[in-house]
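**Student:** Based on what follows, work out the 3D shape:
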Amino acid sequence: MIDPDIEKRVIVAPVSSTITEVELREFIDEIRPYKFRSVIVDEYYLDLALQLLRGSGKRVGIVFSYPHGGMTTETKVRLTEIAVNKGSDIIVPLNMNAIKSGDYKAAMDDLKSIISTVHGKVDVIALPQVAILTLVEIAKVCDMILEAGTNIVKTNTGLGLGETLLEHVEFIKRRYKDDLIIEISGGIRNLEQAREFVKAGADRIHTSSWKQVIGLED
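**Tutor:** Numbers count the residues shown, from 1 in each chain. Model prediction:
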């Protein structure tokens, strides 16, 4: 049986180097009846996704600078301008090279440039890759995200670069309460896991195993 509370939190991302237009159309047709929050696509398919999901109640977002945030700020700003003009939310990995070098200011300035380009018109979801950070680093990064001007954090890319742990979510929720919206990604594959993460403080769930996560399949 589908869990409606989990269903409304789900974010799906048909992002793949091999997905065809026909496959994307089929995927969107398949998920259309469900009350998912968002569909995330590569920029190449943004116009198509916006067209197919118009009137569905689902938000559309794009990803760029995956997975380590290594694009230049200028490139990110230009892609942000495109997303804003089309009404697409943005998921952007933080500059992990800067963060791991201890240069949080560089990473924050990069994020600030993106947020200032948005002018509040779409959501900016900051992605800090918690699986490769210590709890001390996670706290510094979350402080930085809030100072930069957004309050949405996605935990991981979900691209095999580590999994989100309950410990990560509990730590962020305990420290920041409702100041941060927590989107989890990486390793959430069934309804039981989803419920555990929501209980720990997760607000939204990125998953490729959406049928199992909402309770449609075992």
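**Student:** Looking at strand pairing, list the partners for the residue nearest to the spatial centre of the chain.
**Tutor:** For the chain, the residue whose C-alpha lies nearest the mean C-alpha position (C-alpha atoms, centre = their mean) is Lys154; its distance is 4.5 Å. Applying DSSP bridges to Lys154 gives these bridge partners: Glu183.
**Student:** Helix or strand with the lowest mean pLDDT in this structure?
**Tutor:** Lowest mean confidence among the helices and strands of the chain (mean pLDDT, DSSP states H and E): helix 96-100, at a mean of 94.
**Student:** helices or strands up against it?
**Tutor:** Under the contact definition 3 or more C-beta pairs under 8 Å, 6 or more residues apart in numbering; DSSP states H and E, helix 96-100 sits against helix 104-118. For every residue, glycine as well, the C-beta is placed using N, CA and C.
**Student:** circling back: quick one: contacts of the least confident helix or strand of the chain?
**Tutor:** The list of residues contacting helix 96-100 from outside it, by C-beta atoms under 8 Å, 6 or more residues apart in numbering, reads 68-70, 104, 106-107, 110, 128-129, 132-133, 137, 141.
**Student:** roughly how far out does it sit from the chain middle?
**Tutor:** Distance, stretch centre to chain centre, for helix 96-100: 19 Å (C-alpha atoms, centre = their mean, to the nearest Å).
**Student:** The chain should start at 7 in everything you say after this.
**Tutor:** Fine by me, first position is 7 from now on; the one you just mentioned is helix 102-106.
**Student:** And that helix, what's buried?
**Tutor:** Applying a neighbour-count criterion of 16 or more other C-beta atoms under 10 Å, one finds Met102, Ala104, Ile105 buried in helix 102-106.
**Student:** ditto for stretch 131-144
**Tutor:** For stretch 131-144, a neighbour-count test (16+ other C-beta under 10 Å) marks Ile131, Ala132, Leu133, Pro134, Gln135, Val136, Ala137, Leu139, Glu143, Ile144 as buried.
**Student:** Could you measure from Ala89 over to Asn162?
**Tutor:** Counting by C-beta to C-beta, to the nearest Å, the gap between Ala89 and Asn162 amounts to 21 Å.
**Student:** From the buried residues of stretch 131-144, which land in helices?
**Tutor:** Glu143, Ile144 (DSSP state H).
**Student:** For Tyr182, list the residues it contacts.
**Tutor:** Neighbours of Tyr182 in contact, by C-beta under 8 Å, 6+ apart: Cys148, Leu152.
**Student:** That one and Leu117: what is the separation?
**Tutor:** Taking C-beta to C-beta as the criterion, Tyr182 is separated from Leu117 by 17 Å.
**Student:** can you check Gly221 too?
**Tutor:** Using C-beta to C-beta, one obtains 36 Å as the distance from Gly221 to Leu117.
**Student:** more crowded one of those two?
**Tutor:** The residue with more neighbours, out of Gly221 and Leu117 and counting by other C-beta atoms under 10 Å, is Leu117; that gives 25 against 18.
**Student:** so that one touches Leu152, yeah?
**Tutor:** No. Using C-beta atoms under 8 Å, Leu117 makes no contact with Leu152, being 10.6 Å away.
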